[in-house]
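Visitor: Show me how the following folds:
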Amino acid sequence: MVRKCVFLAVLGLLMLLVAGCSSQANELSYGNILYETGVSAGESIPGTELKYVGLADGRAQVLIKGQQAAKQKGDSLSWKGSVRDDVDLELALRVLWYTEDTLRVAGTAKVTVRNPNPVRAEIPEDAPLHFANAPVVYTVKRGDYIPGTTLEYLERSEEGAKLGGVDGYPYFKTGDSVVWEGQIHDGVYLQLNVRVGVITEGTLTLAGTANLWILP
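Guide: From the prediction side, this is the model:
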């Protein structure tokens with residue numbers, strides 16, 4: 001009972017604080033993703049126009065959409081654009097450190113996917129763009145799908161929430177985990193790991209994280 005109350009309290013905080021995945025069928029938005037990466041001199045962050053040129057006068061030289069910028073530790077490095085059709089990426093980064101050969105940055109990312117079409121598929125874990133642990137909160141109406149998946153909320157029963165599209169036992173009680181993996185758009189893959197919160201006759205609430213892999 002105590003564990004259930006703690007879970008529901010955390011779920012409530014997430015719903016207040018997290019900008020999660022949009023429930024609109026034509027757009028999925030994953031924000032507040034912590035992101036850190038490194039890029040070698042002469043190369044760009046995959047899918048973006050952020051290119052590390054190298055060192056000059058003790059500062060990191062970066063090309064941002066073709067325009068040169070000199071950066072020091074702690075300086076901002078932002079980018080917004082499309083990494084492929086219907087897939088937008090926003091990066092709000094800061095320079096962690098740099099050498100003549102490498103630039104290391106960290107910050108947050110937001111991924112927006114328009115016109116998604118979820119299907120189960122194997123995830124290419126070597127994809128050049130990987131965004132981990134995006135916080136998500138969903139309230140799914142009865143008869144609707146969990147956004148970005150092929151899982152449908154069918155009904156509430158004594159066994160818990162009944163989901164369609166599940167391989168095997170379809171019932172999930174409050175606190176149970178629900179995991180889904182597949183492709184949500186050409187070149188975009190999702191691993192969803194959420195837990196069941198409030199179950200009512202009309203809605204199902206879930207909260208957890210999403211991992212994304214993108215082939216630019």
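Visitor: Does residue 85 touch residue 188 like I think?
Guide: No: taking contacts as C-beta atoms under 8 Å, residue 85 lies outside contact range of residue 188: 10.4 Å. All C-beta atoms are positioned from the backbone trio N, CA, C, and that covers glycine.
Visitor: Which one's more surrounded, the two?
Guide: Higher neighbour count among residue 85 and residue 188: residue 188, with 22 against 10, using other C-beta atoms under 10 Å.
Visitor: could you list every residue that touches the more buried one?
Guide: 84, 87, 113, 116, 212, 213, 214, 215 (C-beta atoms under 8 Å, 6 or more residues apart in numbering).
Visitor: ok, now with 10 Å
Guide: By C-beta atoms under 10 Å, 6 or more residues apart in numbering, the residues touching residue 188 are 28, 83-84, 86-87, 111, 113, 116, 127, 129, 148, 212-215.
Visitor: Where strands are concerned, which of the residues you listed count?
Guide: Members of the contacts of residue 188 lying in strands (criterion: DSSP state E): 28, 83, 84, 87, 111, 113, 129, 212, 213, 214.
Visitor: what's the spacing between the residue sitting furthest away from the middle of the chain and residue 36?
Guide: What lies farthest from the middle of the chain is residue 57; by C-alpha atoms, centre = their mean that is 37.2 Å. Noted for residue 57: a distance of 26 Å to residue 36, by C-beta to C-beta, to the nearest Å.
Visitor: was I right about residue 183 contacting residue 212?
Guide: No: applying C-beta atoms under 10 Å, one finds residue 183 not in contact with residue 212, separated by 11.0 Å.
Visitor: So these two - more neighbours on which side?
Guide: Just comparing residue 183 and residue 212: by other C-beta under 10 Å the higher neighbour count belongs to residue 212, 25 against 19.
Visitor: Tell me how many other residues surround the residue nearest to that one when sequence neighbours are not counted.
Guide: Using C-beta to C-beta, 6 or more residues apart in numbering and skipping the chain neighbours, the partner closest in space to residue 212 is residue 131 (4.5 Å). As a burial measure, residue 131 scores 19 neighbours (other C-beta under 10 Å).
Visitor: do residue 155 as well
Guide: 14.
Visitor: Spit out the contact partners of it.
Guide: Residue 155 sits in contact with 142, 143, 161, 162, 163, 164, 171, 199, 201, 204, where contact means C-beta under 10 Å, 6+ apart.
Visitor: give the contact list for the last one.
Guide: Shown in contact with residue 204 (C-beta under 10 Å, 6+ apart): 138-142, 144, 146, 153-156, 160-163, 172, 178, 196-198.
Visitor: Give the buried subset of the residues you listed as a ChimeraX selection command.
Guide: Buried members of those, identified by 16 or more other C-beta atoms under 10 Å, are gathered into one ChimeraX selection as follows:
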select :138,139,140,142,146,153,154,156,160,161,162,163,172,178,196,197
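Visitor: average model confidence for stretch 153-166?
Guide: Regarding stretch 153-166, the rounded mean pLDDT is 98.
Visitor: Straight-line length of it, end to end?
Guide: Stretch 153-166 has an end-to-end distance of 11 Å (criterion: C-alpha to C-alpha, to the nearest Å).
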